[in-house]
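Trainee: Here you go, sequence then predicted model.
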Amino acid sequence: MPHALNLDHIRAEFPALNNDCAYLDNAGGSQVLRRVADRVRDYLLTSSVQLGASYAQSQDAGAKVLAARRSVAELIHAPFDDEVVMGGSTTSLMFQVTQAIQLGIQPGDEIIVTNTDHEANIGGWMRLQAAGAIVKIWEVNGDTLALDLDSLDRLLTPRTRWVAMTHASNILGTVNPVAEVAQRVHAVGARLCVDAVAYAPHRLVDVQASGADMYVFSFYKVFGPHYAVLWVQRDLLLSLPSLNHYFIGQDVLPYKLQPGNVNYELSYGCIGINDYLVDVGSRLGSTGSARQKMQLAFDAFEQHEDALAERLLGYLRSKKSVRIIGLDTASEGGRVPTVSFMVAGQMSESIVRHMDRFQIGIRFGDFYAKRLIESLGLQAQGGVVRVSIAHYNTFAEIDRLVQHLDEVIA
């Protein structure tokens, strides 16, 4: 078992935590590391020149941006750093890559999406219907709230070209078996795209172990800047048409899918995420590789987050008027600490507004997983109340939340 986190040290890494607010809306966006902000500032004040020139300052700036790409490749365990495509958000990256995929779609090609995903990993695929693609919906089991593999098997055919799914639901919190899904998808000659926005803040990403062909998430959910990464398996990336200027060929990786280039300073800032994770792992006792140190850090994050989530879930389970939307326990790695619930007879907004009075940041709504909310019939109460925990949260914050929830939940 990993050692316990030193929360005083952890929280000191995030300047915004030095106030009275309990930040429990982390699935909407985590707090930002000082290390990240310092690197963004450093780049802007010392290296803000165009890349590719022969003079020293341009060469130095180019080296910083390349170091950032290599750092991201290490974070996600990409085999090659030129598989790493970066851009403004998960949504924008998905719209870009599905635009490239559309050029190879034939009428009758089949695409499978889930009704549990954030719209970022649905909307772009839906647009491929304009090229003749047939989109099928892999629907969540209404009783278990799981994506049943048997249901996927019934949807897969020799015409399937892509399956798109989430690694962890931003409402249910469920961690999905993407590696097993990948085996089934590849068995029919199709490819798998995984949205890890709700997963990456809580588990160390390993794109190779995932079995996916494309894997995407946003850094602003993982203690970094408002920026995102799309990993595309190299042979697939080479096969996609360029979305850049006509003279940027298909073999210019990853620039072909980065029209206008990356944001230099935000890319450089992302190195701070790795620096932090390695530092945490080192403080916990790891003397191994950078990835081993990161893994120990995430193991400790998971242990702490599970304990926090279980304290909240235990309270919610004790209330007959509460319906937990998703797994009602935090154990055995089955969920991330994103906890959604509803209270009988109450609008979700009213509960969140009550928390606002006490500087407790939680949220209500559909969180852009509108298809899931509608399929479960939860829209009438304004969607769910969502409490999303990060590793820097404390038991005192959860107890404070529970105290004030108890004022409005019978």
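Mentor: Arrived safely.

Trainee: Just give the number of residues close to Asn176.
Mentor: Close neighbours of Asn176, defined as other C-beta atoms under 10 Å, add up to 20. For the C-beta atoms, the positions are set from N, CA and C on the backbone; glycine is no exception.

Trainee: and what of Ser331?
Mentor: 11.

Trainee: what's it in contact with, if anything?
Mentor: 306, 310 (C-beta atoms under 8 Å, 6 or more residues apart in numbering).

Trainee: The one 5 residues further on too?
Mentor: With contacts defined as C-beta under 8 Å, 6+ apart, the neighbours of Val336 are 168, 173, 175, 198-199, 201-203, 305.

Trainee: Give me the nearest residue to it, chain neighbours excluded.
Mentor: Once flanking residues are discounted, Val336 sits nearest to His202: 4.3 Å by C-beta to C-beta, 6 or more residues apart in numbering.

Trainee: check contacts around the one you found.
Mentor: 168, 298, 301-302, 305, 336-337, 391.

Trainee: how about the residues you listed in JSON lines, adding pLDDT and distance to Leu156?
Mentor: JSON lines is the format used below for the contacts of His202 (pLDDT from 0 to 100; distance: C-beta to C-beta, whole Å):
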{"residue": "Ala168", "pLDDT": "98", "distance to Leu156": "22"}
{"residue": "Phe298", "pLDDT": "98", "distance to Leu156": "32"}
{"residue": "Phe301", "pLDDT": "98", "distance to Leu156": "34"}
{"residue": "Glu302", "pLDDT": "97", "distance to Leu156": "31"}
{"residue": "Glu305", "pLDDT": "98", "distance to Leu156": "34"}
{"residue": "Val336", "pLDDT": "98", "distance to Leu156": "27"}
{"residue": "Pro337", "pLDDT": "98", "distance to Leu156": "32"}
{"residue": "His391", "pLDDT": "98", "distance to Leu156": "37"}
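
Trainee: Quick one: those as JSON lines, columns for distance to Trp231 and secondary structure too.
Mentor: Shown next, in JSON lines, are the contacts of His202 (distance: C-beta to C-beta, whole Å; DSSP: H, G, I helix; E, B strand; the rest coil):
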{"residue": "Ala168", "distance to Trp231": "17", "secondary structure": "strand"}
{"residue": "Phe298", "distance to Trp231": "18", "secondary structure": "helix"}
{"residue": "Phe301", "distance to Trp231": "21", "secondary structure": "helix"}
{"residue": "Glu302", "distance to Trp231": "22", "secondary structure": "helix"}
{"residue": "Glu305", "distance to Trp231": "24", "secondary structure": "helix"}
{"residue": "Val336", "distance to Trp231": "20", "secondary structure": "coil"}
{"residue": "Pro337", "distance to Trp231": "24", "secondary structure": "coil"}
{"residue": "His391", "distance to Trp231": "23", "secondary structure": "coil"}
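
Trainee: Return the member of those nearest to Ala67.
Mentor: Closest approach to Ala67 among the contacts of His202 (C-beta to C-beta): Phe298, at 22.4 Å.

Trainee: quick one, phi/psi of the spatially closest residue to Cys21 that is not a sequence neighbour?
Mentor: Leaving aside its chain neighbours, Cys21 sits nearest to Gln359 (4.7 Å; criterion: C-beta to C-beta, 6+ apart). Backbone torsions for Gln359, taken as degrees, to the nearest 10, come to phi 50, psi 50.

Trainee: from the contacts of His202, which is closest to Ala182?
Mentor: Ala168 (15.6 Å).

Trainee: Quick check: closest non-adjacent residue to the closest one.
Mentor: Tyr199 (3.9 Å).

Trainee: gap between the residue nearest to Cys21 and Ala309?
Mentor: 21 Å (C-beta to C-beta, to the nearest Å).

Trainee: can you give me the strands in the chain?
Mentor: For the chain, the strands defined by DSSP state E occupy 22-23, 84-87, 110-114, 134-138, 160-166, 191-195, 214-218, 228-232, 322-324, 338-343, 360-361, 363-365, 384-388.

Trainee: buried residues in the third one?
Mentor: Which is strand 110-114. 110-114 (16 or more other C-beta atoms under 10 Å).

Trainee: Check the offset of it from the chain's centre.
Mentor: Strand 110-114 sits 20 Å away from the centroid of its parent chain (C-alpha atoms, centre = their mean, to the nearest Å).
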